[in-house]
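# Fold the following and give me the result.
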Amino acid sequence: MYRDLGYYWLRLAIYIALSLCVGSIFYDVGFSFGSIQIFRRERLNGHYGVGAFVVGNTLSSIPYLMLISLIPGAIAYYLVGLQKSIEHFTCFALLLFVTMMLVESLMMMVASIVPDFLMGMIIGAGIQGVMLLNGGFFRLPNDLPNPFWRYPMYYIAFHKYANQGFYKNEFEGLTFPNPQQGVNSSISGDEILRSVWQVETGYSKWVDIAILSGMVVFYRLMFLGIMKFGEKVKPMWKKRIGSSKQTNPVVEM
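Sure, this is the predicted structure:
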């Protein structure tokens with residue numbers, strides 16, 4: 001990973017560029033009402049088992065993903081002018097980190113099922129696209145159609161917990177001017193969460209991070225299970241094909 005420039009280092013450069021774009025577009029966004037709107041070869045060679053690969057891949061990716069979370073995250077966070085306390089930035093960076101771990105885990109799971117690289121990218125992007133559509137951002141939770149999109153898809157989509165964690169981290173405890181209700185009127189961040197973004201405020205942003213972390217573990221375990229299953233099924237499948245070729249010479253023609 002360290003020697004492969006395209007694996008994490010190129011991603012870091014791209015994310016830094018993107019965060020500079022986002023940070024400059026929303027530079028010092030302020031508190032106005034308008035701003036509120038706004039592994040296969042190594043396994044075949046017998047170098048290590050599936051379990052060792054999953055654990056090793058997970059541990060080795062952590063420092064790179066943490067670096068990607070901190071540097072571009074800090075650029076975008078402070079250029080935009082979000083809450084400047086260490087606690088708020090720590091929560092922001094943790095949400096970015098866990099979300100990237102989750103996406104990487106999901107894509108690894110897809111790659112273990114779909115052997116073709118291009119097809120795997122398409123399927124993985126499709127899965128994330130479906131989750132993104134019903135994660136509570138493009139359409140508010142109360143507007144999602146029942147039963148499929150609101151229950152269960154809204155609660156399966158990891159974007160729900162990422163978005164709500166980011167919203168809570170920024171809006172809780174703040175007060176914003178509300179010119180729609182009068183010159184001197186204001187609206188609390190908590191009211192914005194409930195009425196504008198329809199966020200579930202019964203639990204804290206740290207619970208959202210914990211849920212996302214649990215999803216990471218779940219996806220990694222699913223990836224491990226799929227790899228183990230494939231490890232057992234593939235030899236049996238090859239053996240069956242080989243025996244069928246021996247009993248049916250026509251297969252060779």
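# right, and residue 22 touches residue 76 too?
Yes - look at residue 22 against residue 76 with CB atoms under 8 Å: they come within range, at 4.9 Å. No exception for glycine: its C-beta is placed from N, CA and C like everyone else's.
# Between these two, which is the more surrounded one?
Taking neighbours as other CB atoms under 10 Å, residue 22 and residue 76 compare with residue 76 leading, 22 against 16.
# which regions of this protein lie under the pLDDT threshold?
1, 6-7, 29-49, 233-253 (pLDDT under 70).
# 80 instead, please
1-8, 22, 25-54, 56-57, 115-118, 179-184, 230-253 (pLDDT under 80).
# mind listing the helices for it?
10-25, 33-37, 40-44, 50-80, 86-113, 117-133, 154-156, 158-171, 189-191, 205-247 (DSSP state H).
# Reformat those as CSV; add distance to residue 141.
CSV is the format used below for these (distance: least, CB to CB, whole Å):
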stretch, distance to residue 141
helix 10-25, 25
helix 33-37, 18
helix 40-44, 40
helix 50-80, 25
helix 86-113, 19
helix 117-133, 12
helix 154-156, 6
helix 158-171, 8
helix 189-191, 16
helix 205-247, 14
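# Tell me which of the ones you listed lies nearest to residue 177.
Among those, helix 33-37 comes nearest to residue 177, with 6.3 Å by CB to CB.
# What sits closest to residue 111 if chain neighbours are left out?
Distances taken as CB to CB, 6 or more residues apart in numbering place residue 120 nearest to residue 111, at 4.8 Å, with adjacent residues excluded.
# contacting residues for that neighbour?
107, 110-111, 114 (CB atoms under 8 Å, 6 or more residues apart in numbering).
# at 7 Å what do you get?
110-111, 114 (CB atoms under 7 Å, 6 or more residues apart in numbering).
# Relative to residue 59, how far out is residue 227?
Distance of residue 227 to residue 59, computed by CB to CB, to the nearest Å: 17 Å.
# Between the two, tell me which one has more neighbours.
Higher neighbour count among residue 227 and residue 59: residue 227, with 21 against 9, using other CB under 10 Å.
# from what I can see the more buried one touches residue 109, true?
No - using CB atoms under 7 Å, residue 227 is not in contact with residue 109, being 9.4 Å away.
# residues of stretch 72-91 that come out buried?
72-73, 75-77, 79-80, 82-83, 88-89, 91 (16 or more other CB atoms under 10 Å).
# re earlier: buried only: go through the contacts of residue 120 for me.
Applying 16+ other CB under 10 Å to these flags 110-111 as buried.
# Among the contacts of residue 120, find me the one that's closest to residue 202.
Among those, and counting by CB to CB, the member closest to residue 202 is residue 110, at 32.8 Å.
# how about the nearest residue to that closest one, chain neighbours excluded?
Residue 110's closest residue in space is residue 124 (CB to CB, 6+ apart), at 4.3 Å.
# Quick check, residue 200 in contact with residue 161.
No - contact criterion CB under 7 Å: residue 200 and residue 161 do not qualify, at 9.6 Å.
# Skip the chain neighbours and tell me the closest residue to the residue nearest the centre of the chain.
Centroid check for the chain by CA atoms, centre = their mean gives residue 99 as the closest residue, at 3.5 Å. Leaving out its chain neighbours, the residue that sits closest to residue 99 by CB to CB, 6+ apart is residue 162, at 4.9 Å.
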